[in-house]
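>>> could you look at this predicted model? Sequence included:
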Amino acid sequence: MKTYGNKLLILVVLGIFFSGCTQPKKANQASESTQTGTISQTTLTQVKEATHPIAVINRNTIQLVSSEYEQPLNVYTLSGDEIPPAFELFDIKISPTQEYLVWYTPVKGVLALKIGDNTTKVLRGPNQWLDNNPYFEFDNTDDILYIVDDEGNGFYRIDIQNQETTKIDIPFPFGNDYKLSPDMKKIIFISGFGQSNGNPEYMFTTIEGADPVRFRTETPLNLRQRIAWLPDSSGAIIIGENSQLLLVKYGSEASQVYYTDPNQGQINDLYIRDNLIYYERDNRWWHVLDANTKEEVARIPKEIAQEVHRPLFIPWYDNSFLIEETLRLDPEQFKRLWHSNFIGIKELLVEKYDETTITSDLPSI
């Protein structure tokens, strides 16, 4: 195994995944944003032209980061009731046109900000369901948001530009989580209620909620949400047991083995980016399959980030990873975000975000 992994990495060095190397950053000529959230036209142009920008929060300011920015772009200063109680990467989503940011706060609800404006608008009000399930996805091409609400009984489609909302009903027990297909014509709903043992249940429907087909898979219950559509939207890949990835074709009631890792060990994570399938095994390696041929085309050890504190790997576009680093320098804790190719050549996207001060009150005597 060690020899095989080394050979794969040597191929990477020789250039099979040369495009995964990070590119030089463009000069950042934009001015800093003001406290009101107004940003320059130059900054707006940078936002629109960037490839796959990411939103983070630091010191109550939303920043956009990208490998194409010389430094993070400040785009909006949050008021107290707009700040999420905790921030995780991708909690703030960027619309396909890169004109809107959307996030959830328990005080105001689901908020939308048109980048460049200094006010937000409420798309849905706050409630206990959204406090516990603030999950939503954007359409792939239009500024349309999809979100589950109504205690898990309603699946909403919200056109942000026109403020138009439509709803379909979700049957029990599926109003918990979902994944939209790349062609935006299908949904796979994931069971979330009354599920206390193995073999989780899923349901395919059209984007309008029609033609429901239910099925179960032999998937560890804690991994039932690690699911990804194939790039051609023909079916979904789901983590199975015994080192297997399972395929369920759209409309089918049965799963089939898509790929079996030749080594023993549970698969713990799964992503599909571009035309590549990334999965992580408990041996601290990321494996990469070509979605068309099912052949392993790369194997990346987590040691490429051994100098990074508590690294979290997120497979990204163009044969690369985002690596989130968490540092605790008492009483401060903060995160940093790196962009890395397959052989560990990294660049720092944002030096510090999600800063918190940790205090501990000693009991009085």
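Sure, I can see it. No experiment lies behind these values; they were computed from the predicted model shown.
>>> element containing A254?
A254 is part of no helix or strand, with elements assigned from DSSP states H and E.
>>> now do the one 3 residues further on
Counting by DSSP H and E, the element that carries V257 is strand 256-260.
>>> can you check D354 too?
Per DSSP H and E: D354 is located in strand 346-357.
>>> residues making contact with that strand?
22, 25, 54, 56-59, 63, 65-67, 72, 87, 305, 322-323, 331-340 (Cβ atoms under 8 Å, 6 or more residues apart in numbering). For the C-beta atoms, the positions are set from N, CA and C on the backbone; glycine is no exception.
>>> repeat that for stretch 299-308.
By Cβ under 8 Å, 6+ apart, the list of residues contacting stretch 299-308 reads 4-5, 8-9, 284-288, 311, 313, 321, 323, 325, 338, 340, 342-344, 346.
>>> what's the domain layout of this protein?
1-26+280-357, 31-169 (automatic domain parsing).
>>> so can I have a markdown table of these showing mean pLDDT, distance to Q225 and mean neighbour count?
A markdown table is the format used below for these (pLDDT from 0 to 100; distance: least, Cβ to Cβ, whole Å; neighbours: other Cβ atoms under 10 Å):
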| stretch | mean pLDDT | distance to Q225 | mean neighbour count |
| --- | --- | --- | --- |
| domain 1-26+280-357 | 80 | 15 | 16 |
| domain 31-169 | 91 | 10 | 17 |
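>>> look up the closest residue to I314, ignoring the ones flanking it.
Nearest in space to I314, with sequence neighbours left out and distances taken as Cβ to Cβ, 6 or more residues apart in numbering, is L322 at 4.2 Å.
>>> and the angle from whichever strand or helix holds the one you found to strand 346-357?
Using DSSP H and E, L322 maps to strand 320-329. Interaxial angle of strand 320-329 relative to strand 346-357 (axes from the mean of the first three to the mean of the last three Cα atoms, to 10 degrees): 40 degrees.
>>> if K121 is in a bridge, with which residues?
Counting by DSSP bridges, K121 is bridged to A112.
>>> how close does it sit to L111?
Counting by Cβ to Cβ, to the nearest Å, the separation of K121 from L111 is 7 Å.
>>> can you list which of the contacts of strand 346-357 are found in strands?
With DSSP state E as the criterion, strands contain 54, 56-58, 63, 65, 322-323, 332-340 from among those.
>>> picking that back up, residues of the strand holding V257 that come out buried?
Going by neighbour count (16 or more other Cβ atoms under 10 Å), the buried part of strand 256-260 is Y258, Y259.
>>> dump the residue contacts of T165.
Residues in contact with T165, defined by Cβ under 8 Å, 6+ apart, are Y156, R157, I158, D159.
>>> make CSV out of the residues you listed and add distance to I190 and secondary structure.
Below are these laid out as CSV (distance: Cβ to Cβ, whole Å; DSSP: H, G, I helix; E, B strand; the rest coil):
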residue, distance to I190, secondary structure
Y156, 17, strand
R157, 19, strand
I158, 21, strand
D159, 25, strand
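>>> just put these in TSV and tack on distance to L270.
Below are these laid out as TSV (distance: Cβ to Cβ, whole Å):
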residue	distance to L270
Y156	27
R157	26
I158	28
D159	31
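>>> of these, closest to F172?
Of all these, Y156 has the smallest distance to F172: 17.5 Å, by Cβ to Cβ.
>>> that closest one pairs with what?
Beta-bridge pairing of Y156 under DSSP bridges involves I147, K167.
>>> need phi/psi at T77.
Dihedral angles of T77 (phi, psi; degrees, to the nearest 10) stand at phi -100, psi 120.
>>> bridging residues for it?
T61.
>>> surely it touches N60?
Yes: counting by Cβ atoms under 8 Å, N60 is a contact partner of T77 at 6.2 Å.
>>> just give me the residue closest to the centre of the protein.
Nearest residue to the geometric centre of the chain (Cα atoms, centre = their mean): F90, 5.6 Å.
>>> might you report the residue contacts of that one?
Going by Cβ under 8 Å, 6+ apart, F90 touches I54.
>>> again, but for K186
L180, F204, T205, T206, I207, W229, S233, Y250.
>>> ok, it to L180 distance?
8 Å.
>>> and for S234?
15 Å.
>>> neighbour count: those two, which is higher?
Neighbours were counted for S234 and for L180 using other Cβ atoms under 10 Å; L180 has more, 18 against 14.
>>> pretty sure that one is touching I144, no?
No: using Cβ under 8 Å, L180 makes no contact with I144, being 10.4 Å away.
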